[in-house]
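# have a look at this prediction, sequence included:
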Amino acid sequence: MIVRATLSGLFRKYFLILFVAVSAPVAISGLIEARFSYWDQRAELDQLLGVQATSAASEIHDFIFGIADQLGWLVQTPWTGQPDEGRKTDSLRLFRQAPAVVSLTILDNNFKERLHVARIGLNRIDSEIDRSDDPLVKTAQSNRIAFGAISLNRGSEPYMTIAVIGNRPAVGGVIAEVNLQLIWNVIAAIKVGSAGHAFVLDRAGWLIAHPDLSLVLRGAEEATSRPFRALRAEIESAGQRLATGVDLRGNAVAAVAAEVAGPHWTVVVQQPLSEAFAPIYRAFWRTIGLLMIGTLFAGLLAYALARKMTSPIRTLEEGTKRIGAGDFDHRIAIQTGDEFQRLAHAFNQMSSQLALAQRHQQQIERLKRFFAPQVADLINKSNDDSVLDGRRTEVVVIFCDLRGFTAFSSETAPEEVIRVLSDYYEAVGRVIAQHEATLINFTGDGLMVLVNAPVAVREPELKALDITVAMQNTVQLLIADWRACGFNIGFGVGLASGSATVGRIGYRDRFDYTAIGSVVNLASRLCASAADGEILLNAKVADSIGSRRPITARGNRRLKGLGDAVPVFSVAFAGGKAVNRKAGQRDEHNELSASGAPHGDS
C-alpha cells in the first residue's frame, strides 16, 4: 500500500508537470491571442462604429445648418414702415426648397412679429407680437443662431425650433419650426452587422431619433430614456471612445458616440457584444479544445512513464527504508543504465558514509560521556587519544562552590534544592562553555575547571581570571533572586596557577581527565577561604595579570592543609563591591586560619 501511495503521488507529480509543460504554452498562446484579438477587434469596432456615428452626426449637422443658412436669406434687407410682400414670397419659396420647415415667423428689427407663414394653419401678417423676451430669441441675439427644445407635433413627430438673427440689427430675425423626420431616415439607414443600430439624444437626454419610432414617441419618459442616457454616460466616461453598457432590453452592447455641433445632440451607434466579439469567442473555444487535447496527451504520457518507473522506484523505496532503519550495510542493486542506476549508486555511497559517520559519532559520544567536551573534541580532531597521556604542564585551576549550601539543603525541600542547583550549573556551565575552559568535575555544589590543558591557550592566567569574574557576575544575579525567596546562599571562587600533572586516570571502562599537584590543592583551599562574592587567587596569577585587572593584596593567610601562610590576592568585579566589604571584615580572621573542605561551605 505504501508503494502504491508513493507511485500514485509520483504519478500525480509527473501528470502535473507534463500537463503544465504541454498545456501551459497552449493556454498562454491562446490567452495572448485572445487578448490581442480583443484589442484588435475593439479597435476595429471602435473605428467602424465611430465612422458610422461621425457620418450620421455630419449628415444631421449639414441638414440642420443647411436649413439655418436658408433661413438666413430671409433676414438680409432692413425693415421699413411699409408692408413687405417680398418677404412672404421668399417664405413660400423657402417652403419649396426646405420641405422640413413647417412654419416661419419673421421678426422686424424690434423683434416684433411681422409675418407668420405655416404649411398647416392660418397665416398672420403684422400681428406685431413682441418676441423680444423669448429665450430662444435672446440666445440667437448672442450667437446669431439658436436651437430650441424638441417637441412632438400632435404627439407623433419630433419638431425643433430654430431662431436666426441677421448680421445687422435693422434686418431682424426669423423663427422656424423644423420637422426632424429626415433625421429618423438617416438613423434608420444605419446598420452595423445584423443587430447594430443608431439613435440620437438631445442635450437633456430626450430620444430624438431611433429605428423604433414608438420609442421616439415615448422618448421623454424616464423609463424609456434612462438606458439611453446611461449608455451615453458610459461613453463620456470612456473619453468618447468605445464603451460597453446595456441597451433597453438589458443586453450588453458596445457603443461609440459622436456629437452634432450646434444643437449639441449625440449620435450613438451600438452593436450587441455577442455579435461584436463573436471572433474572440470562437478563438476562446479553439483554445479550450487545444487545452483538452494537450491534457489528454499529458495524461497518457505521464501514465506510461509512471508504469515504466515502477520497478526501480520500488527497489529504491525498499532500500531507503532499510537504510533509514539503520541497516547501513545494505546495498541497492539497480542495473538500468540511466539516472536510477546512478541514484542507487549514490544511495549506496551515502549508506557507506552514514555507517562511517555513525561509528565516528558513537566514538565522540562515548568520549564526551567520560571526558570534558574540549578533550573529546581534541581527540576527535587529532584522531589520537595519546593527548590524554600524563604530562607535566603549567595550568590554572579554578574551584568554586556555594556558601551556606549545606544548611540550605538540610532545611529546604528537595525540589527547591534541585531547582537551585540546576539554575546554578546552567549559569556557570554557560560561562565555562563560552570561554572554552575544561570542566573537570562537579561534586554537589562545587566545580573544578582547568585552563591551558588539555588545550593550550594564550595568557591562561588572564583567561582564567576573566572566567571567574564572569562566574561571579552571573551567579550573583541568581543569588539576588534566591535571597528574595529567603534562601541564604553565597558564592566563592578560588584560582591558582602552577605546574601540575594532567592526564587520564581510571580503569578500562571509565576514564576521567584531571590535574594532580599542589596547585590543585591550593586552588581548592583558596575557594574554601573565599567569602560570598569574593575571588581569591595566588601570587603567581597576580604577577601574571599585573595591572591589567584591579587586583588587591589580601596579605598572607594560613590555609588548611598547607604548612606556611601563603600570600592571597583578590580581584574586584562589577557587582561585587557590597560583598567585598563583607569579605574585608573577614580578612583578619582568615589571616590566622581557614576552614572547610575543598568543596565544602564556609
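Yes, it's here.
# can you give me the neighbour number for residue 244?
Counted with other CB atoms under 10 Å, the neighbours of residue 244 add up to 17. No exception for glycine: its C-beta is placed from N, CA and C like everyone else's.
# touching, it and residue 252? I think so.
Yes - proximity of residue 244 to residue 252 meets the contact threshold set by CB atoms under 8 Å, at 6.3 Å.
# shared neighbours, the two?
residue 273 (CB atoms under 8 Å, 6 or more residues apart in numbering).
# which strands and helices sit next to the helix or strand harbouring residue 275?
Per DSSP states H and E, residue 275 falls inside helix 273-276. Here helix 273-276 touches strand 252-260, going by 3 or more CB pairs under 8 Å, 6 or more residues apart in numbering; DSSP states H and E.
# and the helix holding residue 275, what's buried?
273, 276 (16 or more other CB atoms under 10 Å).
# show the average pLDDT along it.
The average pLDDT within helix 273-276 is 82.
# which element follows that helix toward the C-terminus?
Next along from helix 273-276, by DSSP H and E: helix 278-308.
# same for the next helix or strand after that following helix, what does it pack against?
Under the assignment DSSP H and E, the closest C-terminal helix or strand after helix 278-308 is helix 310-324. For helix 310-324, the elements it packs on are helix 2-72, helix 339-370, judged by 3+ CB pairs under 8 Å, 6+ apart.
# can you tell me which of the ones you listed comes nearest to residue 317?
The closest of the helices and strands packed on helix 310-324 to residue 317 is helix 2-72. By CB to CB, the value is 6.0 Å.
# measure how far the closest one is from the centre of its chain, please.
What separates the centre of helix 2-72 from the centre of its chain is 31 Å, taken as CA atoms, centre = their mean, to the nearest Å.
# ok, the closest residue to residue 397 other than its chain neighbours - contacts?
Ranked by CB to CB, 6 or more residues apart in numbering and with sequence neighbours excluded, the top spatial neighbour of residue 397 is residue 523, at 4.0 Å. Applying CB under 8 Å, 6+ apart to residue 523 gives the contacts 397, 398, 399, 494, 495, 496, 538.
# try 6 Å
397, 399, 494, 495, 496 (CB atoms under 6 Å, 6 or more residues apart in numbering).
# helix/strand/coil for the last one?
Right, the one you point to is residue 496. With DSSP: H, G, I helix; E, B strand; the rest coil as the basis, residue 496 sits in strand.
# look up how far residue 503 lies from it.
Distance of residue 496 to residue 503, given as CB to CB, to the nearest Å: 19 Å.
# neighbour count: these two, which is higher?
It is residue 496, of residue 496 and residue 503, that has more neighbours when counted by other CB under 10 Å, with 30 against 19.
# tell me the pLDDT at that one?
So residue 496 comes in at 97 (pLDDT).
# correct me if wrong: it contacts residue 538.
Yes - using CB atoms under 6 Å, residue 496 is in contact with residue 538, at 4.2 Å.
# what do these two both touch?
residue 522.
# still on that earlier bit, what's the closest of the contacts of residue 523 to residue 462?
Nearest member of those to residue 462, counting by CB to CB, is residue 495, at 11.4 Å.
# quick one on the thing from earlier: C-terminal to the strand or helix carrying the residue nearest to residue 397, what's the next element?
According to DSSP H and E, residue 523 maps onto helix 518-529. The C-terminal neighbour of helix 518-529 among helices and strands, as given by DSSP H and E, is strand 534-537.
# pLDDT of whatever helix or strand comes next after that following strand, averaged?
Per DSSP H and E, the first helix or strand lying C-terminal to strand 534-537 is helix 539-545. Here helix 539-545 scores 94 as its mean pLDDT.
# packing partners for the very next helix or strand once past helix 539-545?
Heading C-terminal from helix 539-545, the first helix or strand you meet, by DSSP H and E, is strand 551-557. On a contact count with 3 or more CB pairs under 6 Å, 6 or more residues apart in numbering; DSSP states H and E, strand 551-557 meets strand 566-571, helix 587-592.
# flag every buried residue along the first one.
It stands for strand 566-571. Buried residues in strand 566-571 (16+ other CB under 10 Å): 566, 568, 569, 570, 571.
# how about stretch 495-510?
So, applying 16+ other CB under 10 Å, buried residues of stretch 495-510: 495, 496, 497, 498, 500, 501, 502, 503, 504.
# again, but for stretch 183-200
Buried residues in stretch 183-200, counted by 16+ other CB under 10 Å: 183, 184, 186, 187, 190, 192, 196, 197, 198, 199, 200.
# over to stretch 399-413?
Buried, per 16+ other CB under 10 Å, within stretch 399-413: 399, 400, 401, 402, 403, 404, 405, 408, 409, 412.
# which residue packs closest to the second one, ignoring adjacent ones?
In other words, residue 400. Residue 400's closest residue in space is residue 493 (CB to CB, 6+ apart), at 4.4 Å.
# distance of residue 547 relative to residue 462?
12 Å.
# who has more neighbours, those two?
Ranked by neighbour count (other CB under 10 Å), residue 547 and residue 462 place residue 462 first, with 18 against 6.
# count the neighbours of the closest residue to the more buried one other than its chain neighbours for me.
Leaving aside its sequence neighbours, residue 462 sits nearest to residue 545 (CB to CB, 6+ apart; 6.0 Å). Neighbourhood size, residue 545 [other CB under 10 Å]: 21.
# which residues touch residue 545?
461, 465, 551.
# make a markdown table out of the residues you listed and add distance to residue 323, pLDDT and neighbour count.
Output for those, formatted as a markdown table (distance: CB to CB, whole Å; pLDDT from 0 to 100; neighbours: other CB atoms under 10 Å):
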| residue | distance to residue 323 | pLDDT | neighbour count |
| --- | --- | --- | --- |
| 461 | 52 | 95 | 25 |
| 465 | 51 | 95 | 28 |
| 551 | 60 | 94 | 19 |
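# now those in a markdown table, with distance to residue 354?
Listed next are those as a markdown table, based on distance: CB to CB, whole Å:
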| residue | distance to residue 354 |
| --- | --- |
| 461 | 45 |
| 465 | 45 |
| 551 | 53 |
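# for these, which one is nearest residue 231?
residue 465 (91.6 Å).
# got the angle for the host helix or strand of that closest one vs strand 551-557?
For residue 465, the element it lies in under DSSP H and E is helix 460-484. Using axes from the mean of the first three to the mean of the last three CA atoms, to 10 degrees, the inter-axis angle of helix 460-484 relative to strand 551-557 is 90 degrees.
# now helix 460-484: buried residues?
460-472, 474-476, 478-479, 482.
# nearest residue to residue 435 in space, please, no chain neighbours.
residue 467 (4.8 Å).
# still on that earlier bit, where among the helices and strands packed on strand 551-557 is average confidence lowest?
When I compare the helices and strands packed on strand 551-557, helix 587-592 is least confident, with a mean of 37.
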